[in-house]
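# Sequence and predicted structure below; questions after.
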Amino acid sequence: MCTPVLLVFFILNGILGQAQNEDLVISWEQKLKLDEFRKIMEPNLPHDYMKKDIYLVKWLKARNFDIPAATKMLQENLRWRQETKMDTIFNEDWSETNTQYRFALDGCDRHGTPVFIIFVGEWDMRKAVLAGQSDKMRRYLDKCFEEVATVLRNMQENGSNATRASLMLDAASLSISLQFCPGCIPLYLYLVQTWGTHYPNLFNLGVVINSPDFLVPIWTNLIKPFSPSEIQKIVDIYGRKKSVWRDALATKYGIDWTTLSHEMGGDGPDPVDANDLRKAGYQYECSSS
């Protein structure tokens, strides 16, 4: 005799308002695993935000709710954060790097998800490598992801349902000589690896726009095979035909390009760069318009 199964869903604690995405809803079985995961990890979590459901469930989702695998992943991340002093990374002087390697917040999509942009086409990776600053660039990438996570936490504290951000990489002006020198490729590999390993489920998507033709084989053959599976699934690359990627932003990703900044071809306000985000204490509110 078959026993009917009642699937019960729970809205995760720690987010105000009504749940609007799958990150906020889990099944009864997943709730039990979340409770068990918390009992294992809570004594080792140094910050209150790490003890919230919405933080813990990201690690479980990254390992398909395999508790031992998620435990190992989070424990390794805690060690990494301690070894690299991630809790004080914002205290370091990033003003010059923020200006030379632009990273900005360019509004929100129609679901209230913040949209971050890396102007990767402007990033002179070759200059950083030749100046012996590869390690600093790796730390800068970690800093950028930490900023996204901090903005999201602050939005949640202020009542937003945003649990992930959207990431766009503007590849306009990208060149092999400046961005893809032999010493540059490891930096891009680090970008996708630290994203997937240390900041799982941080982004809904990673869309590369204005890409030159040579970028596709570089991504396909040199970067994608070494990227975490989560990253491989959500990264899409579009060429320099604006009508194509603009249509994709609107129809596939829910991002109305007309509301983006003038720099991105829209009618919205200027993007908030990393220096201004820092001055604002990483507080951001999506426009209601």
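Cool, the structure landed.
# Could you list the domains of this protein?
With domains defined by automatic domain parsing, the chain comprises 9-83, 92-279.
# Tell me which of the ones you listed sits most buried.
Of those, the one with the most neighbours on average (mean count of other C-beta atoms under 10 Å) is domain 92-279, at a mean of 18. The way it works is simple: take the backbone N, C-alpha and C, and place the C-beta from them, glycine included.
# Would you mind measuring the gap between the ends of it?
One end of domain 92-279 sits 14 Å from the other (C-alpha to C-alpha, to the nearest Å).
# Now do stretch 190-199: distance to the chain's middle.
The chain centroid and the centroid of stretch 190-199 are separated by 9 Å, computed with C-alpha atoms, centre = their mean, to the nearest Å.
# Next, the residues that contact it from outside, please.
By C-beta atoms under 8 Å, 6 or more residues apart in numbering, the list of residues contacting stretch 190-199 from outside reads 73, 77, 80-81, 138, 141-142, 145-146, 148-149, 202-203, 223, 226-231, 235.
# from these, which ones fall inside helices?
Per DSSP state H, helices hold the following members of the contacts of stretch 190-199: 73, 77, 80-81, 138, 141-142, 145-146, 148-149, 229-231.
# can you redo the residues you listed as JSON lines with pLDDT?
Converted to JSON lines, those look like this (pLDDT from 0 to 100):
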{"residue": "M73", "pLDDT": "98"}
{"residue": "N77", "pLDDT": "98"}
{"residue": "W80", "pLDDT": "98"}
{"residue": "R81", "pLDDT": "98"}
{"residue": "R138", "pLDDT": "97"}
{"residue": "L141", "pLDDT": "98"}
{"residue": "D142", "pLDDT": "98"}
{"residue": "F145", "pLDDT": "98"}
{"residue": "E146", "pLDDT": "98"}
{"residue": "V148", "pLDDT": "98"}
{"residue": "A149", "pLDDT": "98"}
{"residue": "S229", "pLDDT": "84"}
{"residue": "E230", "pLDDT": "84"}
{"residue": "I231", "pLDDT": "87"}
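# Relative to G121, which of these is nearest.
L141 (16.2 Å; C-beta to C-beta).
# Which residue is the nearest non-sequential neighbour of that closest one?
Residue nearest to L141 in three dimensions, not counting chain neighbours: L191, with 5.3 Å by C-beta to C-beta, 6 or more residues apart in numbering.
# quick revisit: and the domains of the chain, which one is worst for confidence?
Comparing mean pLDDT across the domains of the chain, the weakest is domain 9-83, with a mean of 87.
# how far is that one from where the chain is centred?
With C-alpha atoms, centre = their mean, you get 17 Å for domain 9-83.
# Against M41, how distant is the closest residue to Q179 other than its chain neighbours?
Leaving aside its sequence neighbours, Q179 sits nearest to M125 (C-beta to C-beta, 6+ apart; 5.0 Å). Going from M125 to M41 by C-beta to C-beta, to the nearest Å gives 36 Å.
# Could you do D135 as well?
Taking C-beta to C-beta, one finds D135 at 30 Å from M41.
# And I185, by the same measure?
Noted for I185: a distance of 35 Å to M41, by C-beta to C-beta.
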